[in-house]
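Q: coords please:
(chains A and B)
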There are 2 protein chains.
Amino acid sequence: MTDLEIAQKAEMVRISKLAEEKLGIPDEHLEPYGHYKAKLSLSYLDSLKERPDGKLILVTAISPTPAGEGKTTTSVGLTDALNRIGKKTVACLREPSLGPCFGLKGGAAGGGYAQVVPMEDINLHFTGDFHAIGLANNLLAAMVDNHIHHGNALGIDQRRVVWRRVVDMNDRALREITVALGGLGNGFPRTDGFDIVVASEVMAIFCLATSRSELKQRLGNIIVGYTRKREPIRARDLDANGAMAALLKDAFKPNIVQTLEGNIAFVHGGPFANIAHGCNSVIATKSALKLADYVVTEAGFGADLGAEKFVNIKCRKSGLRPDVAVVVATIRALKYHGGQPLSDLTTENLEALEVGSRNLKRHVRNIRERFGLPAVVAINRFSSDTDAEIEQLKRCLSHLQVKVVLAEHWEKGGAGAEELAHEVLNVIDDSPSNLRFIYDDNTSLWEKMETVATRIYGASKVVADTKVHKELKRLEDEGFGNCPVCVAKTPYSFSTDPKLLGAPEDHVVKVREVRLAAGAEFVVMICGDVMTMPGLPKQPAAARIDLSSDGRISGLF
Amino acid sequence: MTDLEIAQKAEMVRISKLAEEKLGIPDEHLEPYGHYKAKLSLSYLDSLKERPDGKLILVTAISPTPAGEGKTTTSVGLTDALNRIGKKTVACLREPSLGPCFGLKGGAAGGGYAQVVPMEDINLHFTGDFHAIGLANNLLAAMVDNHIHHGNALGIDQRRVVWRRVVDMNDRALREITVALGGLGNGFPRTDGFDIVVASEVMAIFCLATSRSELKQRLGNIIVGYTRKREPIRARDLDANGAMAALLKDAFKPNIVQTLEGNIAFVHGGPFANIAHGCNSVIATKSALKLADYVVTEAGFGADLGAEKFVNIKCRKSGLRPDVAVVVATIRALKYHGGQPLSDLTTENLEALEVGSRNLKRHVRNIRERFGLPAVVAINRFSSDTDAEIEQLKRCLSHLQVKVVLAEHWEKGGAGAEELAHEVLNVIDDSPSNLRFIYDDNTSLWEKMETVATRIYGASKVVADTKVHKELKRLEDEGFGNCPVCVAKTPYSFSTDPKLLGAPEDHVVKVREVRLAAGAEFVVMICGDVMTMPGLPKQPAAARIDLSSDGRISGLF
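A: Residues are numbered from 1 along each chain as shown, chains lettered A, B, ... in the order given. You can find the predicted model right below:
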């Protein structure tokens, strides 16, 4: 059965009933969206402030490969397993981007018997959050061009407009466009482009803000462009942030849904993990910690990007403190990291596994030594994994004295991850976490970048053109020096070369470009090609997606 | 108090409770979106097929003026009044477009004490229908450019792509753009543009389809462009219509909300009234007729555009048959039609009123003589209206023997429209309707246009360049000759000149361009400048819209 077929067979419980039963959330504080999705009222969440926080479990992974690792699947499976063994646990996941569903990727709500449902709804419009974020972004864009058209009192230099439009669709034709053609009535022509919604700074802000007033404040800080004298023009200068916040009024409330086993999952927000920090909303995670004893959350891509940003951006700003990290890997993916070709990952290859496991080892070491978090390794099991391979992997990791647990939640649901759940609990009890930021706020932007590259990526040095250094100096002069850095690089390698698998050393990281996210309050260090608008493949998934006359969707994976 | 303040003071009843109490809709067939909005399941609506239909009341108006007429307000007020006098009545309204809320216009959910609520939700994202429609439109656009990029097996001539992208925002910079710039990886550059979502053919199809399968079928019929040999390429040829229908799965279910007086209103779909037919969805109106004894619905703009298309497009295709038409006018607007300047509409001017009332008279005559519908005139009362003016207007209309009723629902809610309600019931009882289409399916497209222009607009003739005639011939050769015509012209005049107020005669209508809506199944006759993407004004409403820290929206009118 496909993921969609499994999801469609699920017997869901009404979310209002489940929220009451599992977390004691009174019906009047739940805003239903259909019978199986709901938003939580912010006034209710405010009322929980004095409650103690639950334990926070961060699920991260090795550097991603085309073989798949199953980070979301593991987050869901672990949540179900913890509930099975009597621990009140919720998952906190990112909302999937709608656009990629029509491309190659398919859905992003877990897989097999470790999914959140209703799967089609979550993957398509869900509760409309991304639409609201997209429109808030595009309202600001329209207000920028409108201001220039109607006299440009603020003196925006139209060559220096940096705010792009967004759409939740893989549409390469919109990457580079010229707008305002057609004469006087249509404004001043300029080059522009669309990003996918998850790449919008509004999304990053949405996921970092802890209250409506902070949301509005940060939206106001967005820099949309500069004057000829390079003075920044902010959303606030256009009086745009009030209306943007109004558009986000409901979206900002966390969404809850259920796992296939009837446990609660918060699914809220989903910024890109390259040019943004790649984690679900702070407000969802903070709320979940008040409502459950254990919260399982995930960070995007591998631990070099996802966990690094989780710690140094999300935790730094929000005060969140994870108690343990689960590092997800598969034997298949590790063999791929060790040079085994994608077409032949089912063949036993102990040598490739040994070489590839260096990728996992470096991530585990980073998590423990750099971030100060205790770690558990979860091997998301495939039927092709041989006993010899499993033994080999355990041997490779033995000197790290990290627990390596096989998990079969994909096939067996929560029952398949019970051992993992027990180990996670053991580690929480036995190994107190001691979260550290790898750099201080007042370190220079360049040193922050060097710290991430050398200490996390294993790079020998960081280089950049004079232009980049000048730009960093300008940002520091303008008061943005205390922002954390958000590195945008390939997720497939510790280095900036996607082909350098495993655990490359002595590589050089080149910063090509710097972008300020003044509202999100980080400085994006672009190290490589960063795709902010995907394209559809030759055979897009959209061509096989269908709706039956009785309303059933097919072809959505 | 502003409309928003009145709406925010409303004590709403939970929509599930109201739907059960008022219309007997069981809870399990209602999909709530928050506590005060809901969608109805299509399986439930299917189960009502054998029930008899209620009576259908069409609310239309004089040619619109900047003074405002209050068509939606009257629809809501009349619905409340009919309920007050014991008649089970629901309203069927269009969903407002979000974009214009940030421009000049403000909201579109009625006004004063005749509104549908929750006002902010209805005016902003509501239940996400327009977002779904926009994405279905944009998925098709992305698939067109993607097909061309990946080898163009269908041989689409990129100069002849006719499918545009959409966004629900007033954004003039997107009217004319060039896309796919930036080199090989981004596709083949071409000129393109964005329309506002309500102008999408997907919206028109959505509002005309009676089932999911018809929806998918019509989406498949959309023509996205032509080959070099001018052979049409349809959405179906790209296998896009299944995924488009999947995106519309939930949107297609009718929405219900409540009036300020706690009566049910269906608010579903909202196509442009110029390049489309301008009425709420057929599925909403048909469902409402099964659930209530009286259904009050509205058509866009004045009766020359809105009611004409309601009859000749919506009724023709759907089998809907209104029982009576209510023609809304105001003394102020009629004086404006008679030449009184906008700045001085509160001054009594019997002469201007007499001249301007010709506009109303022609609309009433058209409705009765051309469409075969009994009519009632509703004067939406303003405090500046003098007794002499009211007497004068009644005198002007006396030879038509039409009932003229003053209505004060804006100030008094349903109580202010009780007399109107009684008159509407009298007319339904005493004057059976005899709906006629003003042309037959098998009349030529040109003759259909001539019939509309001469019989409805009072034009002396219709002219067009050879190019237009050739295009019409081509459409007839290709089998589209039996489509109805959908005239896109200024709403402000019976003629194509927005300055010719009142009831101009002997004017000439020029067809400038013809566009086929192969999925919506009508041929758009463009007679004048048609704006499919509005712009923001110098002081956009967005700049005053705000969100308080406790989640209250202000500045939305």
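
Q: how about the strands of the stretch 51-200 of chain A, start to end?
A: Ranges of strands in the stretch 51-200 of chain A, per DSSP state E, counting those that start in this stretch, are A:55-61, A:89-93, A:110-111, A:114-117, A:156-161, A:165-167, A:177-179, A:190-192, A:194-196.

Q: which among those strands is found nearest to residue A:532?
A: strand A:194-196 (4.0 Å; CB to CB). Where you see a C-beta, it was placed from the backbone N, CA and C, and this is true even at glycine.

Q: and the next helix or strand after the closest one with chain B, contact?
A: The helix or strand immediately downstream of strand A:194-196 is helix A:201-208, counting by DSSP states H and E. No: residues of helix A:201-208 are not located near chain B by CB under 8 Å from any CB of the partner chain, the shortest gap being 13.3 Å.

Q: equivalent analysis for stretch A:128-146, please.
A: Yes: counting by CB under 8 Å from any CB, chain B has neighbours in stretch A:128-146: A:128, A:131, A:132, A:135, A:138, A:139, A:141, A:142, A:143, A:145, A:146.

Q: for residue B:210, see how far away the second one is.
A: If I follow you right, that is residue A:131. Shown here: residue A:131 relative to residue B:210, a distance of 26 Å by CB to CB, to the nearest Å.

Q: the two: which has the busier surroundings?
A: residue A:131 (25 against 14; other CB atoms under 10 Å in any protein chain shown).

Q: enumerate every residue touching that one.
A: Listed by CB atoms under 8 Å, 6 or more residues apart in numbering or on different chains, the contact partners of residue A:131 are A:125, A:168, B:125, B:128, B:131.

Q: so how far is residue B:547 from it?
A: Distance from residue A:131 to residue B:547, by CB to CB: 17 Å.

Q: kindly report the same for residue A:184.
A: With CB to CB as the criterion, residue A:184 and residue B:547 are 35 Å apart.

Q: how about residue A:185?
A: Residue A:185 is 32 Å from residue B:547, by CB to CB.

Q: how is chain A divided into domains?
A: A:3-127+A:251-430, A:129-247, A:445-527 (automatic domain parsing).

Q: retrieve the pLDDT associated with residue A:107.
A: Residue A:107 carries a pLDDT value of 65.

Q: with residue A:8 instead?
A: 89.

Q: pull the contacting residues for it.
A: Counted by CB under 8 Å, 6+ apart, residue A:8 has contacts A:119, A:120, A:552.

Q: just to revisit the earlier point, with pLDDT added, can I get the residues of stretch A:128-146 next to chain B in a markdown table?
A: As requested, these are exported to a markdown table (pLDDT from 0 to 100):
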| residue | pLDDT |
| --- | --- |
| A:128 | 96 |
| A:131 | 97 |
| A:132 | 98 |
| A:135 | 97 |
| A:138 | 98 |
| A:139 | 98 |
| A:141 | 98 |
| A:142 | 98 |
| A:143 | 98 |
| A:145 | 98 |
| A:146 | 98 |
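
Q: near chain B, which residues of the stretch 1-150 of chain A show up?
A: Within the stretch 1-150 of chain A, the residues that sit near chain B (CB under 8 Å from any CB) are A:31-35, A:39, A:42-43, A:98, A:102, A:120-121, A:124-125, A:128, A:131-132, A:135, A:138-139, A:141-143, A:145-146, A:149-150.

Q: check contacts around the residue nearest to residue A:535 when sequence neighbours are not counted.
A: Leaving aside its sequence neighbours, residue A:535 sits nearest to residue A:172 (CB to CB, 6 or more residues apart in numbering or on different chains; 3.5 Å). By CB under 8 Å, 6+ apart, residue A:172 lies in contact with A:533, A:534, A:535, A:536, B:145, B:146, B:149, B:180, B:185, B:186, B:187.

Q: if I look at the residue nearest to residue A:316 when sequence neighbours are not counted, how far off is chain B?
A: Nearest residue to residue A:316, sequence neighbours excluded (CB to CB, 6+ apart): residue A:437, at 5.7 Å. Distance, residue A:437 to chain B, using CB to the nearest CB, to the nearest Å: 29 Å.

Q: so which residues of the stretch 401-550 of chain A form strands?
A: Using DSSP E, counting those that start in this stretch, strands in the stretch 401-550 of chain A cover A:403-407, A:459-464, A:485-488, A:507-511, A:513-517, A:522-526, A:546-547.
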